[in-house]
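Enquirer: Generate coordinates for the sequence data below:
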Amino acid sequence: MAESVTDEVPLPEDLDPDSEVLNDAISQPVPESEEGTPTILADTPAGEGTPEDGVVNPDPSSTAASLAVICRARLVAAQRAGIDEPVYCAGWDNTPLAAQARAAVTAWPTPEWCDDAGTNGGWYVNRFRACGIFSGIMNVLDVRTGATTGTMNYLVRAYAYSGRDVKNWAYQVELMQVSATGTAVGLSASGNATCAGKCNVTDSKFPLQAMSTSKDAVGQFFLETSINTAIKGQKGEGQAKAEWVFTKTGIRTNVVGLSTPPVRCDTAMPGTSKPGCIMPYIPELVYNKAGEYPELAQHIEDAQNVKNLPGKHGTTRYLTRLTDKKKIEDNRNVACPKSLPRPSLLSCDEYPMASTWQGGSTGNYSRRFIDEKQNSGGGRALANFYLYNRIIEADRFLVWIK
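Expert: Prediction:
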């Protein structure tokens, strides 16, 4: 595993959930390379429990049909009312336009992997960031004939980020015009943000901005969890939604919206009173057989492959964190009891770890005597992994042996 965040992080079994010994450690910077490989949200399992009220599927394709219905209804209503002005109709498109994406000068910089992913209509997430590029379309319809008199193709680059030691997060949308024809030339865009579930919008900036191929319309929003961060053990999901309309000569389109993946904020991290917020991403603890803990890594690989124990990279048989000190001790007493003789300079290593619900008390475990320094160092790496990824009670993770 990469260099630890800090060597002072207590082992999971030594942490009192109500203590604040990690208040400083949780705020230390960690290299971006430690964030984990982004995963398409569609491949990330949903969280446990019932979603908060108002939290919806963030995939924009789920709203494409309803937007089409709204557009058709607006056209019919205009025809019946005898209105002679054109109807502006905005929606989502499946045309892959990723090659047209460009950086917006005034926007927050987005991760490189966001553009690399292309416009497949999906969110990509790691533990603290979510990003995606989506194809949009806006048609101008003649009220009398229903014919399209102009079309604008555009991209939406959406980016959200949170932090493991703060109670708020941010969301940005960039509307990037790719092409415009006919009466769709010369549009402007503006919008705002809302928040569903356990959150509130604290700042919303999406003023009216002209659309062109050289200038993007940008909306930037800040959200804050509405859980009671003064109480330990709280958690809840919030979901930001950006909404915008296009206008020209006073005529407006229907409203188009794009929701972020749900963001979970909590005050349930053992060892710290600081709240933090994470994205729906399953992190992976990495041990390298050519690294600092080769004996530990080999044991885990054998436990996963030979004994078919859970937690292996590339599977959905997750490990889940256990924070109850008594239950952790029970796991250890089964897998590596103190009565078990230890050879000189060796210590008892158990897998799955005692700080998981899959530990020794389940009766399905592996133990091996390995170098005691490697075992101790590997335990510190696990503690740092929990800390950096803000892994709380029942959070899922995997262990990747390289």
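
Enquirer: Next one: the residue of the chain positioned farthest from its centre from residue 144, what distance?
Expert: Taking C-alpha atoms, centre = their mean as the measure, the residue most remote from the mean C-alpha position of the chain is residue 82, 47.4 Å away. For residue 82, the distance to residue 144 (C-beta to C-beta, to the nearest Å) stands at 10 Å. Where C-beta positions appear, they are placed from N, C-alpha and C, glycine not excepted.

Enquirer: Over to residue 384?
Expert: For residue 384, the distance to residue 144 - C-beta to C-beta - is 67 Å.

Enquirer: These two - which one has more neighbours?
Expert: residue 384 (23 against 11; other C-beta atoms under 10 Å).

Enquirer: Quick one: list the elements packing against the helix or strand that contains the more buried one.
Expert: Using DSSP states H and E, residue 384 falls within helix 372-388. In terms of contacts (3 or more C-beta pairs under 8 Å, 6 or more residues apart in numbering; DSSP states H and E), helix 372-388 is packed against strand 284-287, helix 294-305, strand 346-351.

Enquirer: repeat that with 6 Å
Expert: Counting contacts by 3 or more C-beta pairs under 6 Å, 6 or more residues apart in numbering; DSSP states H and E, helix 372-388 packs against helix 294-305, strand 346-351.

Enquirer: After it, which helix or strand is next? Please name it.
Expert: Immediately after helix 372-388, counting by DSSP H and E, sits strand 396-401.

Enquirer: Nearest residue to residue 183 in space, ignoring adjacent ones along the chain?
Expert: residue 150 (3.5 Å; C-beta to C-beta, 6 or more residues apart in numbering).

Enquirer: Assign a three-state SS to that neighbour, would you?
Expert: strand (DSSP: H, G, I helix; E, B strand; the rest coil).

Enquirer: tell me the contacts of it?
Expert: Residues near residue 150 by C-beta atoms under 6 Å, 6 or more residues apart in numbering: 140, 181, 182, 183, 184.

Enquirer: can you do 10 Å?
Expert: 86, 88, 138-142, 180-187, 248 (C-beta atoms under 10 Å, 6 or more residues apart in numbering).

Enquirer: re earlier: okay, the helices and strands packed on helix 372-388 in JSON lines with mean pLDDT and distance to residue 114 next?
Expert: Converted to JSON lines, the helices and strands packed on helix 372-388 look like this (pLDDT from 0 to 100; distance: least, C-beta to C-beta, whole Å):
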{"stretch": "helix 294-305", "mean pLDDT": "98", "distance to residue 114": "32"}
{"stretch": "strand 346-351", "mean pLDDT": "97", "distance to residue 114": "36"}
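
Enquirer: Switch the ones you listed over to TSV, and while doing so, append distance to residue 21 and mean neighbour count to every line.
Expert: Shown next, in TSV, are the helices and strands packed on helix 372-388 (distance: least, C-beta to C-beta, whole Å; neighbours: other C-beta atoms under 10 Å):
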stretch	distance to residue 21	mean neighbour count
helix 294-305	25	20
strand 346-351	24	20
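
Enquirer: could the ones you listed go into JSON lines alongside distance to residue 202?
Expert: What follows is the helices and strands packed on helix 372-388, written out as JSON lines (distance: least, C-beta to C-beta, whole Å):
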{"stretch": "helix 294-305", "distance to residue 202": "43"}
{"stretch": "strand 346-351", "distance to residue 202": "44"}
